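In: Predicted model and sequence follow; I will ask about them next.
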Amino acid sequence: MKRTLHLAVAQMGPIQKNHTRSEVVARLSELMRDAAARGARWITFPELTLTTFFPRWALEDPAEVHAYFEREMPGKETQPLFDLARKLGVGFYLGYAELDGDRQFNTSILVDRGEIIGKYRKIHIPGDAEPQEGYPIQHLEKKYFLVGDLGFPVYEAPEARIGMCICNDRRWPETYRVMGLQSVDVVMVGYNTPIAYGRRGEPAHLPFLHNHLSLQASAYQNTCWVAAAAKAGVEEGIPMIGGSCIVAPTGEIAVQALSEDDEVINYVCDLDMANGYRSNIFNFARHRRPEHYQAIVERVGAEPTSL
Ligand code: CDT
C-alpha cells in the first residue's frame with residue numbers, strides 16, 4: 001500500500017509588535033482547525049511564530065529582549081495550541097525564540113498530538129551582531145542567537161521520518177544532505193525573509209526566486225518532501241515574502257500559498273515518490289563519493305588554494 005502523509009503549511013500574515021501571544025495563538029489555532037478540517041495530519045508554522053520578528057531591532061534592555069523568548073514550552077499562552085492539537089489529532093512544527101538558562105536559541109519543535117517529539121536549534125544564523133551603517137534594513141540574528149547545538153536530527157514520527165530547519169538554513173545544501181543521509185521523508189521549515197535586505201540593491205523579485213530555487217533543488221537532490229511556511233506581508237513597516245509551499249521529491253511545487261496573509265495550503269504527499277530517485281539517480285550508497293568531499297568539512301570559507 002502507498003505510504004501517504006497529508007501535510008499542511010500554515011502561512012502567517014504579519015505579527016506586529018503590539019500583538020500579544022494570546023492573539024497570535026488564537027490565529028494559529030484557527031489555522032490548525034482549518035488544516036485539520038481538510039484532513040491534514042501535520043502542520044508547519046513559520047519561524048519565530050509567536051511574536052514579531054524582533055531581530056530587526058538592536059534591543060539593549062535584557063528584559064525587553066527576554067520578553068520575546070519562551071522560558072518553557074508549552075507555556076501558559078501556548079498550552080491551548082498543544083491542547084487543540086491533541087484534540088484534533090494533528091502534529092505541528094512551531095518556531096520560537098528559546099531561552100535555556102541564559103542561552104538564547106532560534107528553535108523549532110515537532111509536536112505530535114500535544115507531545116513534543118523533536119527539537120531543532122537554528123545552525124545558520126544570518127545577519128550581524130551589530131547594526132550596520134547604510135543598510136536599508138537591519139538583520140541582527142547574530143546579536144540574539146547562539147549557533148544551534150543539536151545538529152540536524154531526523155525524528156521517527158508515526159507515519160514518516162521528519163527533519164527540521166529554520167529560515168536561512170534552507171539556503172544551504174549541507175542542511176538537507178545531513179538529513180538526506182538519515183533517509184528523511186519530510187523537511188519542515190519556517191521562514192521570515194524580508195524583501196529589501198540585499199546590500200547591493202538586489203532587485204525585489206530575487207528573494208522569491210531564491211526561496212523556491214533553494215527549496216526545490218534541495219527536495220529533489222535529497223529525495224524528500226519539503227513543507228515551507230512563511231511569515232509574510234508588511235510587518236513593522238518591513239515587507240516580507242510569502243510563497244509558502246509544499247515541494248515534492250521531483251523538485252516540483254505541489255501547492256503554493258497565494259496570499260501574504262494567514263493561509264493554509266495542504267497536499268496528500270506520496271512518501272514513496274522518493275523511492276524511484278533513491279534507488280536510481282540519487283542512490284547515495286552507490287553513487288556518492290565522500291572520499292572526494294573532504295573540503296566540505298575541513299574548510300569553512302572559500303580559499304583560492306587547492307586542497
Ligand atoms: N530569518 C532569516 O534567516 N532570514 C534570512 C534573511 C536574509 S539573511 C539576513 C533568510 O535567509 O531568509
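Out: In hand now; what should we look at?

In: The host helix or strand of residue 8 pairs with which strands?
Out: Using DSSP states H and E, residue 8 falls within strand 4-11. Paired with strand 4-11 in the same sheet, following DSSP bridges, are strand 42-44 (parallel), strand 263-270 (antiparallel).

In: got the buried residues for the last one?
Out: Which is strand 263-270. By 16 or more other CB atoms under 10 Å, the buried positions in strand 263-270 come out as 263-267, 269-270. (Each C-beta comes from the backbone N, C-alpha and C, glycine too.)

In: and that strand, how far out from the chain's middle?
Out: With CA atoms, centre = their mean, to the nearest Å as the basis, strand 263-270 stands 16 Å off its chain's centre.

In: Around the ligand, pick out the residues from the stretch 151-300 of the chain.
Out: The stretch 151-300 of the chain comes close to the ligand at residues 167-168, 171, 191-193, 197, as judged by CB under 6 Å from any ligand atom.

In: re earlier: let's have the strands paired with strand 4-11 in JSON lines, adding mean pLDDT.
Out: Listed next are those as JSON lines, based on pLDDT from 0 to 100:
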{"stretch": "strand 42-44", "mean pLDDT": "99"}
{"stretch": "strand 263-270", "mean pLDDT": "98"}
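
In: can you redo those strands as a markdown table with distance to residue 17?
Out: Below are the strands paired with strand 4-11 laid out as a markdown table (distance: least, CB to CB, whole Å):
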| stretch | distance to residue 17 |
| --- | --- |
| strand 42-44 | 24 |
| strand 263-270 | 22 |
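
In: just so I know, which of the ones you listed lies nearest residue 304?
Out: Across those, the minimum distance to residue 304, taken as CB to CB, is reached by strand 42-44, at 40.1 Å.

In: Can you give me the distance of the spatially closest residue to residue 19 that is not a sequence neighbour to residue 236?
Out: Of all residues not flanking residue 19 in the chain, residue 52 sits nearest, at 7.0 Å (CB to CB, 6 or more residues apart in numbering). Per CB to CB, to the nearest Å, residue 52 is found 6 Å from residue 236.

In: again, but for residue 280
Out: For residue 280, the distance to residue 236 - CB to CB - is 48 Å.

In: And the helices in the stretch 151-300 of the chain, which stretches?
Out: 173-180, 206-221, 273-278, 284-287, 294-298 (DSSP state H, counting those that start in this stretch).

In: Out of the ones you listed, which is closest to residue 60?
Out: Nearest to residue 60 among those is helix 206-221; the distance by CB to CB comes to 29.1 Å.

In: Would you tell me which residues of the stretch 1-150 of the chain are close to the ligand?
Out: So the stretch 1-150 of the chain meets the ligand at 47, 126-127, 139 (CB under 6 Å from any ligand atom).

In: let's see 5 Å
Out: Residues of the stretch 1-150 of the chain found near the ligand (CB under 5 Å from any ligand atom) are 126-127, 139.

In: Most neighbours among the residues you listed, which one is it?
Out: Neighbour counts for those (other CB atoms under 10 Å) peak at residue 139, which has 21 neighbours.

In: who touches residue 50 in this structure?
Out: By CB atoms under 8 Å, 6 or more residues apart in numbering, residue 50 lies in contact with 15, 21, 24-25, 70, 77-78, 96-97.

In: That'll do, ta.
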